[in-house]
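Asker: return a 3D structure for these sequence lines:
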Amino acid sequence: MAGTDAGSSRQADRPVWKRVVLKLSGEALAEPTGFGLDNGVLHQVATEIKDVRDNLKIDVAVVVGGGNFWRGLKGAGQGMDQAQADFMGMIATVMNGLALQDALERVGQQSRVMTAIEMPKVAEPYIRRRAERHMEKGRVVIFAGGTGNPFFTTDTAAALRAAEIDAQAILKGTHSGVDGVYTADPKLDPTATRYDRISHKDVIEKELRVMDATAIAFCRDNKIPIVVFDVSTPGNIRSVLEGQAIGTLVG
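Answerer: Alright, predicted model coming up:
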């Protein structure tokens with residue numbers, strides 16, 4: 001699992017990686033309806049991030065989606081100009097970023113929201129070296145606004161930011177009971193089985209819905225592993241970082 005031999009374990013002072021990007025969809029932070037924000041979920045995620053910062057000394061950056069408020073593809077499907085719809089989605093990610101920042105600050109974890117679209121009154125503009133300095137000072141950096149460009153997903157933003165800040169892995173947090181990468185959609189196919197490990201190449205060729213194809217190809221080319229796991233299960237973030245057999249390793 002996650003860069004370790006199967007079945008091996010890590011001590012708390014020896015995490016698998018020292019700098020990671022945690023990718024969260026907007027839906028992962030939503031109420032059970034899939035919309036809005038669930039304060040309980042925000043608190044859980046914030047507490048777990050603070051735990052790995054304090055006890056594993058890991059640099060953590062977070063990339064958030066905005067699907068709990070708006071999805072650009074939905075707007076485009078209803079006849080809206082896709083670029084306009086995508087910009088609306090980027091603004092939704094900023095809302096989620098600010099909510100997660102508030103949850104982190106309430107549990108005592110310093111954080112900064114950095115956006116690819118400048119909003120100086122609510123967040124810092126994304127500057128790579130400044131983001132790295134924040135993490136070196138123990139702050140959690142939340143990347144919002146996607147890549148700042150329409151037609152690209154927040155999955156691609158996570159891959160891009162991971163490469164820019166020299167993160168050693170992307171942790172792709174799923175929800176709704178999906179705990180990894182399966183041979184088929186486990187909600188539709190009861191015979192689907194979960195992969196413990198699979199290559200970037202196989203994910204692309206088998207058209208498995210892990211992240212969008214652009215993000216997967218980027219991670220393959222830059223040798224960035226991805227761990228797909230259920231972020232809604234308490235303790236899973238730390239378990240992944242300690243090398244426990246959680247979810248699926250893509251790499």
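Asker: could you use CA atoms for every contact and neighbour count after this?
Answerer: Will do.
Asker: which residues touch the helix or strand in which residue 162 is found?
Answerer: If you go by DSSP states H and E, residue 162 is part of helix 154-164. With contact meaning CA atoms under 8 Å, 6 or more residues apart in numbering, helix 154-164 is reached by 20-21, 23, 63-65, 128, 146-147, 168-170, 211-212, 214-216, 218-219, 222, 224.
Asker: let's see which of these end up in strands.
Answerer: Of the contacts of helix 154-164, the ones assigned to strands by DSSP state E are 20-21, 23, 63-64, 169-170.
Asker: any idea how far the nearest residue to residue 196 once chain neighbours are set aside is from residue 27?
Answerer: Counting by CA to CA, 6 or more residues apart in numbering, residue 196 lies nearest to residue 248, which is 4.7 Å off, once chain neighbours are set aside. Using CA to CA, to the nearest Å, we find residue 248 at a distance of 20 Å from residue 27.
Asker: what does residue 71 give?
Answerer: 11 Å.
Asker: do residue 104 as well
Answerer: Distance from residue 104 to residue 27, by CA to CA: 18 Å.
Asker: show me which of residue 71 and residue 27 is the more surrounded one.
Answerer: Ranked by neighbour count (other CA atoms under 10 Å), residue 71 and residue 27 place residue 27 first, with 23 against 19.
Asker: the more buried one and residue 241: what is the separation?
Answerer: From residue 27 to residue 241 the distance is 23 Å (CA to CA).
Asker: repeat for residue 63
Answerer: For residue 63, the distance to residue 241 - CA to CA - is 17 Å.
Asker: just residue 158 next, same as before
Answerer: 18 Å.
Asker: which of the two has more neighbours?
Answerer: residue 158 (30 against 24).
Asker: three-state assignment of residue 240?
Answerer: Secondary structure, DSSP: H, G, I helix; E, B strand; the rest coil: residue 240 is helix.
Asker: one more: residue 173?
Answerer: Classification of residue 173 using three-state DSSP returns strand.
Asker: just checking, it touches residue 22?
Answerer: Yes: applying CA atoms under 8 Å as the test, residue 173 and residue 22 come out as touching, 7.1 Å apart.
Asker: can you name the residues that contact the nearest residue to residue 174 once chain neighbours are set aside?
Answerer: Leaving aside its chain neighbours, residue 174 sits nearest to residue 230 (4.7 Å; criterion: CA to CA, 6+ apart). Residues counted as contacts of residue 230 (CA under 8 Å, 6+ apart) are 173-180, 236, 247.
Asker: and for residue 181?
Answerer: Residue 181 is in contact with 194-195, 208-210, 228, 247-248, counting by CA under 8 Å, 6+ apart.
Asker: rerun that using 7 Å as the cut-off
Answerer: 194-195, 210, 228, 248 (CA atoms under 7 Å, 6 or more residues apart in numbering).
Asker: where is pLDDT lowest across the residues you listed?
Answerer: Ranked by pLDDT, the contacts of residue 181 bottom out at residue 210 (84).
Asker: contacting residues for it?
Answerer: Residues near residue 210 by CA under 7 Å, 6+ apart: residue 181.
Asker: how about residue 117?
Answerer: So residue 117 contacts 125, 145, 148 (CA under 7 Å, 6+ apart).
Asker: which of those tops the neighbour count?
Answerer: When neighbours are taken as other CA under 10 Å, the top entry among the contacts of residue 117 is residue 145 (33 neighbours).
Asker: quick check: closest non-adjacent residue to that residue.
Answerer: Spatial nearest neighbour of residue 145, excluding adjacent residues (CA to CA, 6+ apart): residue 90 at 4.4 Å.
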